[in-house]
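Novice: any chance you can model this:
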Amino acid sequence: MTQVTKTMAKTVSVAALMVGFTSAAQAVPLISTFVLGAGGSFAVEDGDTNGFDIQDESDGYKGFVGIESTFGVPGIQPSLGVELQYSDLGKFELNNNGGTHEADTIGLSAIAGLQLLELLRVGAKGGVHFWDSDFGPIKRDGTDFFFGLSTEIKAAPFASIRFEWEHFYFDDDNIGFDSDLDVGSVSFVLRAF
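Specialist: This next block holds a predicted model:
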């Protein structure tokens, strides 16, 4: 094989590879979507601060915005994105007449989802949350981790209902506060391209 033939073979191979990558990219398009949602929540707290146990339940609410990118794989549609949320987790009674604990938080998370059928989406998230807490007259804040799992059922072309479970960590060594919150929520979600 002459040098000219080898060069032509390499050029044709590279061109074929580029055509293949271009075709694959067109077959698996990346679609970015804006996500907006709000809903009600129910939280269960288990923790302690300075010897006062917290084992209580409370109602709350949340709102969130995000961006997710969906990969157009035929049959299933995996997605990755980020989400920013505000959660008012409610008011919890401390045992032994220790007062109340009120908490709200702003969370930033990475999200991963999978559209299994046209009507069903499952997802997972993990990230950090920036919390403010009131223990009666004592006000505290901090940063900790949280994670969650969700299922969405499509209600309309751009709307769905999200059922979500999230676990929040709260830890403040300065006042001996260590608590976990499990939060269940139901939210109305809108998606727009």
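Novice: backbone phi and psi for residue 118, please?
Specialist: phi -60, psi -30 (degrees, to the nearest 10).
Novice: distance of it relative to residue 159?
Specialist: Between residue 118 and residue 159 the computed distance is 14 Å (Cβ to Cβ, to the nearest Å). The C-beta positions use only the backbone N, C-alpha and C, and glycine is treated the same way.
Novice: where's the closest residue to residue 159 other than its chain neighbours, which helix or strand?
Specialist: By the measure of Cβ to Cβ, 6 or more residues apart in numbering, the closest residue to residue 159 outside its immediate chain neighbours is residue 190, 5.6 Å from it. Using DSSP states H and E, residue 190 sits within strand 177-192.
Novice: export that strand to CSV, keeping only CA atoms.
Specialist: As requested, C-alpha coordinates have been extracted for strand 177-192 and formatted as CSV (Å, rounded to 0.1, in the frame of the first residue of the first chain):
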residue,chain,number,x,y,z
PHE,A,177,-27.7,20.2,68.3
ASP,A,178,-27.9,17.0,66.1
SER,A,179,-31.1,16.2,64.2
ASP,A,180,-32.4,14.3,61.2
LEU,A,181,-35.6,15.3,59.3
ASP,A,182,-37.5,13.0,57.0
VAL,A,183,-39.8,15.0,54.7
GLY,A,184,-42.5,13.7,52.4
SER,A,185,-44.0,16.1,49.9
VAL,A,186,-46.5,16.3,47.1
SER,A,187,-45.8,19.0,44.5
PHE,A,188,-47.2,20.3,41.3
VAL,A,189,-44.5,20.6,38.6
LEU,A,190,-44.3,22.5,35.4
ARG,A,191,-41.7,21.9,32.7
ALA,A,192,-41.1,24.3,29.8
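Novice: can you report phi and psi for residue 158?
Specialist: Dihedral angles (degrees, to the nearest 10) for residue 158: phi -120, psi 20.
Novice: give me every residue that touches it.
Specialist: 190-192 (Cβ atoms under 8 Å, 6 or more residues apart in numbering).
Novice: buried ones among the residues you listed?
Specialist: residue 191 (16 or more other Cβ atoms under 10 Å).
Novice: which one of the contacts of residue 158 is nearest residue 111?
Specialist: residue 191 (12.8 Å; Cβ to Cβ).
Novice: just the strands in the protein please.
Specialist: Assigned by DSSP state E, the strands in the chain fall at 30-49, 52-71, 77-93, 100-117, 120-135, 138-156, 159-172, 177-192.
Novice: so how far is residue 35 from the residue nearest the centre of the chain?
Specialist: Nearest to the mean C-alpha position of the chain, by Cα atoms, centre = their mean, lies residue 125 at 3.8 Å. According to Cβ to Cβ, residue 125 stands 12 Å off from residue 35.
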